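Colleague: with the sequence up front, the predicted model follows.
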Amino acid sequence: MIGKFFRKFYLDIVIWTILLLLPFITYLYQPDKISEFKPYSALSHLANIIFLATNFYLHCYYVAPKYFFTRRKFLVLLIACAFLSYVALNYAIVYFNPNGELAHFTKENILFVRLVIGPGIIYSLCLITSSMIFLYGEQARQKELNKQIALEKTKAELTILKLQISPHFLFNTLNNIRWLIRKQSPDSEDTIVKLSEILRYILYEVDGAKVELFKEIEHMQNFIALQTLRLPIAGNVDLEIESNLKNRLIPPLLFIHFVENAFKYGVDSKNSPKIKFQFAQIPGGIIFKSSNKILQHTELRTSEGIGLTNVQRRLQLLYPNRHDLSITKTDDGYFQVLLKLMTDEN
């Protein structure tokens, strides 16, 4: 563990050690000046190094990651408070100096230079270096994240294609269409159109990273219409869209897994299904709700578990710290999904 820590921070240790010993290097070339060594000066220099090092790592690994891209006004306030603390530290060092530095600097009219300008330059260099290291690390992390997003998107699309455009789904849909045609039902043509729209959407319109929310909802409406056609018993299947819902760009095929599962577990041959989907506007994003009466009490299939894992992984990559997914089973026998997405960029 110690070896791992040293490998990660050995360069930091070397640099801070050099800065700590910097005032004493002159003694190597002028040994006769060792007699002029002042312990108070060494302690004040140590206090400065400890303060700067603490601020350096706090800013690089905690303050900047948390506030640099979100709450910059608060970040500026924190930096100002830290700088004032550094000025106060230097004032205390000058004030308690037994050699009377305070009186000397006041007499020479350079107290402001000693307490504000000098520490300001040093603190600025420390802060700039810390910010550069943070931004460099953030850039590298973002590049890696983009690679993962691209890879996960490809995997997710392939998995969704296997789940949604499965032979079982196509077989049942075509059988229903054949049955409608034999009955000379006026719905047969509309059903064929809906199936073709589903196929076209998945095969041709989800190539990009994002699609329009309204197109995704239209795809869900077509899917729900075909699934409703297969219901053995008529029931309540609703898709509610809030009137003030705004169109926006979202990752494709993000909700369809929950729609499919609602029909898988909310339909049987003996009971009337109760399935409901909702889209609503919230400050900064949208909320999706899915609810179905549990009529099929079966074990979770492997493919369904993989599908849910893919959705969760995509959410983590595409909306880190900007989504909330809740999946629950209620006491009255309902399966509920609640997904909040903060889609609006700051």
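Modeller: Everything's here; your move. Numbering: from 1, shown residues only.

Colleague: where does pLDDT dip in the stretch 1-150 of the chain?
Modeller: Counting by pLDDT under 70, the stretch 1-150 of the chain shows low-confidence ranges at 1-10, 22-23, 26-37.

Colleague: now the helices for it?
Modeller: Using DSSP state H, counting those that start in this stretch, the helices of the stretch 1-150 of the chain run over residues 2-21, 26-29, 39-58, 64-67, 72-95, 101-107, 111-112, 118-164.

Colleague: buried set for stretch 327-341?
Modeller: For stretch 327-341, the buried set under the neighbour-count rule, 16 or more other Cβ atoms under 10 Å, comprises 335, 337, 339, 340, 341. The C-beta positions use only the backbone N, C-alpha and C, and glycine is treated the same way.

Colleague: which of the helices or strands spans the fourth one?
Modeller: The secondary structure element spanning residue 340 is strand 334-341 (assigned by DSSP states H and E).

Colleague: what pairs with that strand, parallel or antiparallel?
Modeller: In the sheet containing strand 334-341, the strands it pairs with under DSSP bridges are strand 285-293 (antiparallel), strand 323-329 (antiparallel).

Colleague: which SS state does residue 234 fall under?
Modeller: On the three-state scheme (DSSP: H, G, I helix; E, B strand; the rest coil), residue 234 is labelled coil.

Colleague: which non-adjacent residue is nearest it?
Modeller: Among residues not flanking residue 234 along the chain, residue 272 sits closest, at 6.7 Å (Cβ to Cβ, 6 or more residues apart in numbering).

Colleague: repeat for residue 214
Modeller: Using Cβ to Cβ, 6+ apart, the closest residue to residue 214 is residue 247 (4.9 Å).

Colleague: now the one you found: how far from residue 201?
Modeller: The span separating residue 247 from residue 201 equals 16 Å under the rule Cβ to Cβ, to the nearest Å.

Colleague: got it, and residue 220?
Modeller: Separation of residue 220 from residue 201 (Cβ to Cβ) stands at 10 Å.

Colleague: who's more crowded, residue 247 and residue 201?
Modeller: Between residue 247 and residue 201, counting by other Cβ atoms under 10 Å, residue 201 is the more crowded of the two (19 against 10).

Colleague: ok, the more buried one to residue 262 distance?
Modeller: As it turns out, when the distance is counted by Cβ to Cβ, residue 201 lies 19 Å from residue 262.

Colleague: cool, residue 188 as well?
Modeller: For residue 188, the distance to residue 262 (Cβ to Cβ) stands at 25 Å.

Colleague: which stretches of the stretch 151-300 of the chain form helices?
Modeller: For the stretch 151-300 of the chain, applying DSSP H, counting those that start in this stretch gives helices covering 167-182, 187-204, 213-229, 256-265.

Colleague: ok, which of the ones you listed comes nearest residue 108?
Modeller: Of all these, helix 213-229 sits nearest to residue 108, with 68.0 Å by Cβ to Cβ.

Colleague: tell me which other helices or strands the closest one touches.
Modeller: Helices and strands touching helix 213-229, as assessed by 3 or more Cβ pairs under 8 Å, 6 or more residues apart in numbering; DSSP states H and E, comprise helix 167-182, helix 187-204, strand 236-241, strand 249-250, helix 256-265, strand 274-282.

Colleague: tell me which residues are up against stretch 104-116.
Modeller: Contacts made with stretch 104-116 from outside it, assessed by Cβ atoms under 8 Å, 6 or more residues apart in numbering, are listed as 87, 90, 91, 94, 101, 102.

Colleague: out of these, who's the most crowded?
Modeller: Neighbours here mean other Cβ under 10 Å. Within the contacts of stretch 104-116, the largest count is held by residue 90, at 21 neighbours.

Colleague: so it sits against residue 119, correct?
Modeller: Yes - contact criterion Cβ atoms under 8 Å: residue 90 and residue 119 qualify, at 5.1 Å.

Colleague: look at residue 188 and residue 262 and report which has more neighbours.
Modeller: Looking at residue 188 and residue 262 with other Cβ under 10 Å, you find the greater number of neighbours at residue 262, namely 24 against 17.

Colleague: beta partners for the residue lying closest to that one once chain neighbours are set aside?
Modeller: Closest residue in space to residue 262, ignoring its immediate chain neighbours: residue 292 at 4.2 Å, by Cβ to Cβ, 6+ apart. When bridges are taken as DSSP bridges, the partners of residue 292 come out as residue 275, residue 335.
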